[in-house]
Every structure is written in C-alpha cells, then in structure tokens.
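A.B. asks: okay, predicted coordinates and the sequence, questions at the end:
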Amino acid sequence: MNDLRTLHDAFAELERRADAAARGTAPVVRPWRAMRLVPVAASVVAVAGLVAGAVWLAPGDSGTHVAGPPSASSTTTTRSPVPHSPDDLIARFRVVLGDTATFEVTRKDILANTPAPSDNRPEPPPEPGSVVSLSPLSPEVADDTTHAAVSGTLTSAGVTGSFVLMIRPGDSASGMWCGFPRIDCDVSTLPDGSRLATGTAQRAPGAASYLASLQRTDGTVVVIQISNQGDPSGAEINSPGGEVYAPRPPLTLDQLKAIVTSDKW
C-alpha cells in the first residue's frame with residue numbers, strides 16, 4: 001500500500017513539474033498530506049459549529065423552576081358567634097379555660113332561638129331539672145335556629161363546684177344582660193361597647209354562687225354561673241342541688257369575667 005502511494009505521488013509530482021515547465025513557472029509544491037488536512041480541518045470546524053449550535057439551541061436549566069398553577073385556596077368559613085350544638089360549646093369552653101380548670105359535662109341542652117321577652121328580662125340559664133331539651137340525644141337537631149347550654153362540675157386548684165354555661169343570640173337593643181333569678185347584678189359598659197353583668201348570691205349559710213354575663217355589641221349573650229353547691233344558681237340546703245361541695249366556688253368572680261370576655265369563643 002505504501003509503495004503504491006509513493007508511486008502515485010511520484011507520478012503526480014512529475015505531472016505538476018511538466019505543467020509548470022509548459023507554463024514557464026516554478027512548480028508549486030503541494031504535499032498530499034496538506035491537501036488531505038484541509039477537508040479534515042473543515043470537517044472539524046463544521047462539527048464544532050454544529051455542537052455549539054446545539055448547545056445554544058438546547059434549553060438550559062437555569063436553576064429557576066416555574067411553579068405550576070396554584071392550588072385552589074381553602075375557603076375560610078367564619079365561625080358563628082353562637083355555638084348551635086353542645087359539643088361545639090364544650091370544645092370552645094375547653095379552649096377558653098386552657099389550664100385554668102377542668103370540667104365534666106353532665107347535661108347537654110339544645111334550645112330554640114326565641115325572641116326577646118317583652119319585659120327585656122333575660123332567658124335564665126337552665127338549672128338542673130328545670131329545662132327540657134329539644135332533643136338531648138339527637139345532636140343533629142342543632143342548626144342555625146338553636147343554641148346550646150351545658151352544665152356539670154368544674155374543678156380548679158383542687159376545688160370542685162357546679163357550673164352552667166350558655167351562649168345565645170340576642171338583640172343588641174334590648175337589656176338582656178341582667179335580672180337572673182336569685183342573683184343581683186352589677187352592670188358596666190366595656191370600652192368596646194359590650195355590657196358586663198356580674199353578681200353573687202348566697203342561698204344558704206356556707207353556700208355561694210357567682211354569675212358573669214356579657215352582652216356583646218351584636219347582641220350575643222355569654223352567661224356562666226358557678227357555685228360550691230350542686231345547683232349553679234344556689235339552692236336551699238337539703239333541697240335538690242343544695243349539697244355543698246366545697247367551702248367556696250372553684251373560680252373567682254374576676255376569673256368568670258375573664259371567661260365571658262375572652263376573644264377565644
């Protein structure tokens with residue numbers, strides 16, 4: 001193979017010399033290797049250009065990824081100021097109390113929302129045995145036309161007593177924040193315009209009951225009563241609810257004020 005290439009190169013050189021002699025010019029030496037390198041170099045350049053073009057055209061990853069369409073935002077439902085079911089009221093009460101006290105509910109009531117009495121006297125919180133529930137065993141009855149009341153025992157700092165709690169709708173134009181049975185109320189107006197009633201009662205020697213009732217500016221009324229007796233409103237000794245549990249109620253009047261005015265309801 002090398003001999004044939006050498007012979008071929010020799011004939012090619014003789015032809016170039018003959019042509020040069022015929023034209024009267026000096027022969028131009030063009031080694032075959034140089035001639036062969038030209039197309040190779042051109043190919044290298046062309047391939048490099050193609051590679052560069054491919055790199056330029058390829059979409060690069062800049063590290064910044066475009067997020068997909070945002071997911072549908074969750075709909076925030078405004079909670080009703082009035083718990084319609086006892087379980088809702090109980091859950092809110094636990095949040096409001098925090099670690100101040102523990103309680104056990106022994107009675108749940110679902111009550112119908114009724115217009116304000118003509119004499120503007122408030123609907124008293126239910127006492128044990130005095131209120132007939134609409135359906136104490138059917139919580140599904142609760143809806144926008146009802147409100148809840150719960151009662152039971154409450155313990156704080158080792159002292160146990162009874163309580164009754166209710167949140168109900170009202171009329172902000174009415175005077176439905178005082179006048180509860182067997183309790184004399186002191187009424188004050190808070191800076192936000194709501195009205196707070198507090199009171200104490202002593203139905204028997206050694207017995208005590210406390211009340212706090214808040215009427216918000218929208219008319220909603222929050223009522224809590226506690227006692228060191230079986231009846232949160234107080235009762236005669238040896239009468240239903242007259243049993244004395246402790247020397248004093250489990251919470252102070254100031255603590256009741258903090259409960260009804262809490263913003264966690």
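C.D. replies: Noted; the coordinates are in hand. Numbers count the residues shown, from 1 in each chain.

A.B. asks: all helices for the stretch 151-265 of the chain, in order.
C.D. replies: 253-260 (DSSP state H, counting those that start in this stretch).

A.B. asks: give me the residue ranges of it where confidence is low.
C.D. replies: Counting by pLDDT under 70, the stretch 151-265 of the chain contains low-confidence ranges at 171-182.

A.B. asks: now with 50?
C.D. replies: Of all residues in the stretch 151-265 of the chain, none has pLDDT under 50.

A.B. asks: domain parsing of the protein, as residue ranges.
C.D. replies: As assigned by automatic domain parsing, the chain contains the domains 2-54, 86-260.

A.B. asks: distance between the ends of the longest one?
C.D. replies: With Cα to Cα, to the nearest Å applied, domain 86-260 spans 17 Å between its terminal residues.

A.B. asks: again with stretch 95-102
C.D. replies: Terminal residues of stretch 95-102 lie 11 Å apart, using Cα to Cα.

A.B. asks: what comes into contact with it?
C.D. replies: Contact with stretch 95-102 is made by 103, 154, 155, 156, 250, 251, 255, 259, 262, 264, 265, as judged by Cβ atoms under 8 Å, 6 or more residues apart in numbering. The way it works is simple: take the backbone N, C-alpha and C, and place the C-beta from them, glycine included.

A.B. asks: pick the one among those residues closest to residue 215.
C.D. replies: Of all the contacts of stretch 95-102, residue 265 has the smallest distance to residue 215: 13.4 Å, by Cβ to Cβ.

A.B. asks: residue 81 versus the closest one, what's the distance?
C.D. replies: Between residue 265 and residue 81 the computed distance is 7 Å (Cβ to Cβ, to the nearest Å).

A.B. asks: what touches both of those two?
C.D. replies: Both residue 265 and residue 81 are in contact with residue 167, where contact means Cβ under 8 Å, 6+ apart.

A.B. asks: got the contacts of stretch 95-102 as TSV, with distance to residue 225 and neighbour count columns?
C.D. replies: Below are these laid out as TSV (distance: Cβ to Cβ, whole Å; neighbours: other Cβ atoms under 10 Å):
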residue	distance to residue 225	neighbour count
103	13	22
154	11	27
155	16	16
156	15	19
250	12	26
251	11	24
255	13	18
259	11	23
262	16	16
264	20	11
265	17	20
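
A.B. asks: with the residues you listed in mind, which one is nearest to residue 216?
C.D. replies: For the contacts of stretch 95-102, the nearest to residue 216 is residue 265 (9.5 Å; Cβ to Cβ).

A.B. asks: how much space is there between that closest one and residue 157?
C.D. replies: In this view, residue 265 and residue 157 are 23 Å apart by Cβ to Cβ.

A.B. asks: do the same with residue 188
C.D. replies: Relative to residue 157, residue 188 is positioned 27 Å away (criterion: Cβ to Cβ).

A.B. asks: number of nearby residues for the closest residue to residue 166 other than its chain neighbours?
C.D. replies: Excluding its sequence neighbours, the residue lying closest to residue 166 (Cβ to Cβ, 6 or more residues apart in numbering) is residue 149, at 4.0 Å. By other Cβ atoms under 10 Å, 23 other residues sit near residue 149.

A.B. asks: does residue 149 touch residue 86 like I think?
C.D. replies: Yes - contact criterion Cβ atoms under 8 Å: residue 149 and residue 86 qualify, at 7.4 Å.

A.B. asks: quickly list what's touching both of those two.
C.D. replies: Counting by Cβ under 8 Å, 6+ apart, the shared contacts of residue 149 and residue 86 are 108, 109.

A.B. asks: ok, residue 80 - contacts?
C.D. replies: Going by Cβ under 8 Å, 6+ apart, residue 80 touches residue 144.

A.B. asks: quick check on it: phi, psi?
C.D. replies: For residue 80, the backbone dihedrals (degrees, to the nearest 10) come out as phi -70, psi 140.

A.B. asks: kind regards, and thank you for your time.
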